[in-house]
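> What follows is a predicted structure for the sequence shown.
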Amino acid sequence: MKIAPSILAADFGNLRAEARAAAEAGADWLHIDVMDGCFVPNISIGPCVVQALRPGLGIFFDVHLMIRDPFSYAEAFAKAGADSICFHYEADPDPGRVIERIRSLGKRVGVAIKPATPAEVLLPYLDRIDMALVMTVEPGFGGQRFMAGMMPKVQMLRRAIDASGRPVDLQVDGGIDSETAAVAAQSGADVLVAGSAVYGKPDYGAAIAALRRACPDRA
Ligand SMILES: O=C(CO)[C@H](O)[C@H](O)COP(=O)(O)O
Ligand SMILES: [Fe+2]
């Protein structure tokens, strides 16, 4: 199980130290939420912030693009130091061309689906992506309640990924805490994003360890 703290819940006045603290506390990936005020009703950070965080920080940068036109912006995030670029299926009428674009930039590629989007839309792309992301909140804000109703989508994708034989990560994002981490892991997720459940706690190491402990062995 990989734990990916989301810096959306970090102290933005202290972002470099916060990113480093999560890495030193045992995080596997750093989840970086990018919001444009168009695709979602909130604005967070852009490529220059990703670039500012990169020097001296070896942790895997998992960039979650909640923006319109990911095709055009992928290059800026790749140059800024993203390791993985995950865009929303709903953000481009031709997700295949965005996948190819990110791949051509030499980055790992993920595709995310909003709660109203059926998981079946991802099936045609499982042969060419590195990660599928099932949102368990409406994208746009941290600190929302986990939507357990998304678990059948996670279960279906777990079966499809296993059947494909490809190493596709299955990420769940939104409302993860010790209780919901167990639910997501049991459903087949292998990467958990956690904003408030890490950055909202006084001890990041203990918070990450608690999430890991909550997950059953299968995960
Ligand atoms: O993509 C996101 C919101 O759109 C965030 O990654 C997510 O909400 C994490 O925050 P929390 O764990 O507090 O729910
Ligand atoms: Fe996210």
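Sure thing, it's come through. Ligands and ions are numbered 1, 2, ... in the order given.

> For the protein, which residue gets nearest to ligand 2?
His64 (3.8 Å; CB to the ion). In this view, the C-beta of every residue, glycine as well, is placed from N, C-alpha and C.

> Who does that residue form a beta bridge with?
Asp33, Cys86 (DSSP bridges).

> interface residues of this structure facing ligand 2?
In this structure, the chain approaches ligand 2 at residues Asp33, His64, Asp173, judged by CB under 5 Å from the ion.

> mind listing the strands for the protein?
With strands called from DSSP state E, the chain shows them at 2-5, 29-35, 60-66, 84-88, 108-113, 131-135, 169-173, 191-194.

> May I see those strands arranged in TSV, with mean neighbour count, distance to ligand 1 and mean pLDDT as well?
Listed next are these as TSV, based on neighbours: other CB atoms under 10 Å; distance: least, CB to the nearest ligand atom, whole Å; pLDDT from 0 to 100:
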stretch	mean neighbour count	distance to ligand 1	mean pLDDT
strand 2-5	26	8	98
strand 29-35	25	5	98
strand 60-66	25	5	98
strand 84-88	27	10	99
strand 108-113	23	8	99
strand 131-135	26	7	99
strand 169-173	25	5	98
strand 191-194	28	5	98
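
> can I assume Val191 is in contact with Trp29?
Yes: at 7.1 Å, Val191 counts as touching Trp29 under the criterion of CB atoms under 8 Å.

> joint contacts of these two?
Lys2, Ala4, Asp62 (CB atoms under 8 Å, 6 or more residues apart in numbering).

> Could you find the closest non-adjacent residue to the last one?
Right, Asp62. Nearest non-adjacent residue to Asp62, counting by CB to CB, 6 or more residues apart in numbering: Trp29, 4.3 Å away.

> of the strands of the chain, which approaches Ala74 most closely?
Smallest distance to Ala74 across those (CB to CB): 5.6 Å, for strand 84-88.

> How about exporting the closest one as CSV, limited to the C-alpha atoms?
C-alpha atoms of strand 84-88 as CSV (Å, rounded to 0.1, in the frame of the first residue of the first chain):
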residue,chain,number,x,y,z
SER,A,84,3.3,11.2,-12.6
ILE,A,85,0.7,13.3,-14.3
CYS,A,86,-2.9,12.3,-13.6
PHE,A,87,-5.6,14.1,-15.5
HIS,A,88,-9.4,13.9,-15.5
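
> helices or strands up against that strand?
Judged by 3 or more CB pairs under 8 Å, 6 or more residues apart in numbering; DSSP states H and E, strand 84-88 is in contact with strand 60-66, helix 70-80, helix 95-104, strand 108-113, strand 131-135.

> Throw these into a markdown table and include distance to Ile208, thanks.
Shown next, in a markdown table, are these (distance: least, CB to CB, whole Å):
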| stretch | distance to Ile208 |
| --- | --- |
| strand 60-66 | 14 |
| helix 70-80 | 25 |
| helix 95-104 | 28 |
| strand 108-113 | 21 |
| strand 131-135 | 20 |
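
> contact partners of stretch 88-100?
With contacts defined as CB under 8 Å, 6+ apart, stretch 88-100 is touched by 39, 65-71, 74, 87, 109, 111-114, 117, 121-122, 125, 128-129, 139.

> And that stretch, how far out from the chain middle?
16 Å (CA atoms, centre = their mean, to the nearest Å).

> quick one: low-confidence parts of this protein?
218-219 (pLDDT under 70).

> With just CA atoms, put the longest helix belonging to the chain into CSV.
Ranked by residue count, the top helix of the chain under DSSP state H comes out as helix 151-164. Provided in CSV are the C-alpha atoms of helix 151-164 (Å, rounded to 0.1, in the frame of the first residue of the first chain):
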residue,chain,number,x,y,z
MET,A,151,-16.2,1.2,-3.8
PRO,A,152,-18.0,-0.9,-6.5
LYS,A,153,-16.0,1.1,-9.1
VAL,A,154,-12.8,0.3,-7.2
GLN,A,155,-13.7,-3.4,-7.1
MET,A,156,-14.5,-3.5,-10.8
LEU,A,157,-11.2,-1.8,-11.7
ARG,A,158,-9.2,-4.1,-9.4
ARG,A,159,-10.6,-7.1,-11.2
ALA,A,160,-10.0,-5.5,-14.6
ILE,A,161,-6.4,-4.5,-13.7
ASP,A,162,-5.6,-8.0,-12.4
ALA,A,163,-7.0,-9.5,-15.5
SER,A,164,-5.0,-7.2,-17.7
